[in-house]
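[1] Could you look at this predicted model? Sequence included:
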Amino acid sequence: MEKLYRLRSFFIIYFIVKIIIDIVFSRDITLSVGNHIDISPMTFYVIVIFINIILFLIGLLLFYFLLEKRNWARIVLLIVGWLAILDFVSSIFLSSRLGDLFVNLEGITNWDKLIVIDRVTDFISVIFWGYAIYILQFNSDMKKIFLTERNGELVR
């Protein structure tokens, strides 16, 4: 169970760091996009923070159920984790071509900076979710907690 508490603590740290990186390093991008969609940067930040708070609370709720040993919460977190890994892999393959795709929108934002921010936050996601997947899917202690035994073997 200690590993699950540690995983929840890492989730909290991961999410806060990700939000800070998104907000701090995307300042220039927010200003340029805000000028084109006619909202103030402060409104944009409030929307981003509000959405992230909702996602953070959903994550904490999932970890609450995970700590209650609900296997469905483990499965949901594993799905989110594998999707984050796939997002990272796809962004690495596609990001080199994004400049070509968005050539008509060049005046709106700095795509190179956006790609760097995306890669940094995706890399942080891979670190956290890779650890989470290891703990939730491959760790033998967690298998004993979430999977039942029949005739001395774990049964899913």
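    Nice, I can see it.

[2] contacts and neighbour counts: CA atoms only from here.
    Fine.

[3] Would you map the helices across this protein?
    2-25, 27-37, 41-67, 71-101, 111-133, 140-146 (DSSP state H).

[4] Check the residue most central in space within the chain and give its pLDDT.
    What sits nearest the mean C-alpha location of the chain, by Cα atoms, centre = their mean, is residue 125, with 5.1 Å. We have a pLDDT of 91 for residue 125.

[5] re earlier: tell me which of the helices of the chain sits most buried.
    Scoring those by mean neighbour count under mean count of other Cα atoms under 10 Å gives helix 111-133 as the most buried, with a mean of 18.

[6] and the helices of the chain, which one is worst for confidence?
    helix 27-37 (a mean of 63).

[7] Any figure for the gap between the spatially closest residue to the residue nearest to the centre of the chain that is not a sequence neighbour and residue 91?
    Leaving aside its sequence neighbours, residue 125 sits nearest to residue 84 (Cα to Cα, 6 or more residues apart in numbering; 6.6 Å). Per Cα to Cα, to the nearest Å, residue 84 is found 10 Å from residue 91.

[8] Repeat that for residue 116.
    With Cα to Cα as the criterion, residue 116 and residue 91 are 11 Å apart.

[9] now do residue 8
    From residue 8 to residue 91 the distance is 26 Å (Cα to Cα).

[10] same check, this time on residue 17
    Residue 17 is 20 Å from residue 91, where distance means Cα to Cα.
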